[in-house]
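S.K.: Structure for this input, please:
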Amino acid sequence: MKPALQRRVQRYGWDKASAVYEDSWKTQLKPAQNKLLEMADLKPGETALETACGTGLVTFRIAEAVGPSGEIVATDLSEEMINLAQKTSEERGIENVTYKRMDAEKLDLEDNRFDVAINALGLMYIPDPVQSLKEMHRVLKPHGQALIAIWGERKNCGWAEIFPIVDKRVESDVCPLFFQQGTGNTIEISMSEAGFKEIKTERFSADLYYPSDELALSAAFAGGPVALAYKKFDKKTREEAHQEYLDSIAVYKSDKGYNIPGEFVVAAGVK
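M.R.: Numbers count the residues shown, from 1 in each chain. Okay, the predicted model is just below:
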């Protein structure tokens, strides 16, 4: 897939997914977000950049950690994600975050501005992840820290069949390099190429719990990266794809719902 097309698929796909994203993934992604924030060890008064901020699940926790004397710039490619995060910030009275729709590969931000740069589970969707890491490196102050959370290896993510199930029903792959950075030591190589030093990673497993078929399907199709392609499916195509996906995760089902295995990698590096 050409990079420009991939950006459009992700931008408008996440616009479509924004309304159901939190219900689909808020609990399931928390282990990775917790580990990232633990490794970030944010301090009051720090300045932070978050790329691919989504609906603000991590942004609000960063805002709390750096406190009113700190400053956060939160960006996302999706206008709808930015609008939702901004709305929730206003409802919660959070005043130290500025939201901007922006391409993570080309940040419209000055050099050497931030103490910390964070991307929580967004790097997999970016056409050129190394370029995005280079941009994070550029806007960090000397000795500033970058924190990246990504999904791990495909073989360790029980929900991964969603991609071939959707891909064979559309004209091109919807997310062709999703597991690339989480495989082997790829993220360490990418961060080194971007200029980071003192790189360290933690890889761990966490089950994704969904109590029903309906919620498992909503997360996979309507609340995630295949949302744009899914919106174009007719009723028959949706029913066929739903059944194929449920068959692929049936091994993880019990009388209490689904516990689908997942793997995350959190990486940190210093400028």
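S.K.: Which helix or strand lies directly C-terminal to the lowest-mean-pLDDT helix or strand in the chain?
M.R.: Of all the helices and strands that make up the chain, helix 3-25 has the lowest average by mean pLDDT, DSSP states H and E, namely a mean of 76. Counting by DSSP states H and E, the element after helix 3-25 in chain order, helix or strand, is helix 30-40.
S.K.: And that following helix, what's buried?
M.R.: Buried residues in helix 30-40, counted by 16 or more other C-beta atoms under 10 Å: 31-33, 35-37, 39-40. From N, CA and C alone the C-beta is placed, and that goes for glycine too.
S.K.: Give me the helices and strands touching the helix or strand that that helix is followed by, please.
M.R.: Sequence order places strand 47-51 as the next helix or strand after helix 30-40, per DSSP H and E. With contacts taken as 3 or more C-beta pairs under 8 Å, 6 or more residues apart in numbering; DSSP states H and E, strand 47-51 sits against helix 59-66, strand 71-76, strand 114-120, helix 129-139.
S.K.: Any idea how far the shortest one is from the middle of the chain?
M.R.: Translated: strand 71-76. Here strand 71-76 is found 15 Å from its chain centre; the criterion is C-alpha atoms, centre = their mean, to the nearest Å.
S.K.: now do stretch 175-193
M.R.: Computed by C-alpha atoms, centre = their mean, the separation of stretch 175-193 from the middle of its chain amounts to 14 Å.
S.K.: Number of residues surrounding the residue lying closest to Tyr125 once chain neighbours are set aside?
M.R.: In space, Tyr125 comes closest to Gln10 once its chain neighbours are excluded; the distance is 4.8 Å by C-beta to C-beta, 6 or more residues apart in numbering. Gln10 has 23 neighbouring residues, counting by other C-beta atoms under 10 Å.
S.K.: got the contact list for Gln10?
M.R.: 77-78, 125-126, 175, 225 (C-beta atoms under 8 Å, 6 or more residues apart in numbering).
S.K.: what separates it from Ser218, distance-wise?
M.R.: Distance of Gln10 to Ser218, given as C-beta to C-beta, to the nearest Å: 19 Å.
S.K.: got it, and Ser69?
M.R.: 40 Å.
S.K.: Of those two, which one has the most company?
M.R.: Ser218 (17 against 9).
S.K.: I'd say the more buried one and Ser24 touch.
M.R.: Yes. In this structure, Ser218 is within contact of Ser24 by C-beta atoms under 8 Å, at 5.6 Å.
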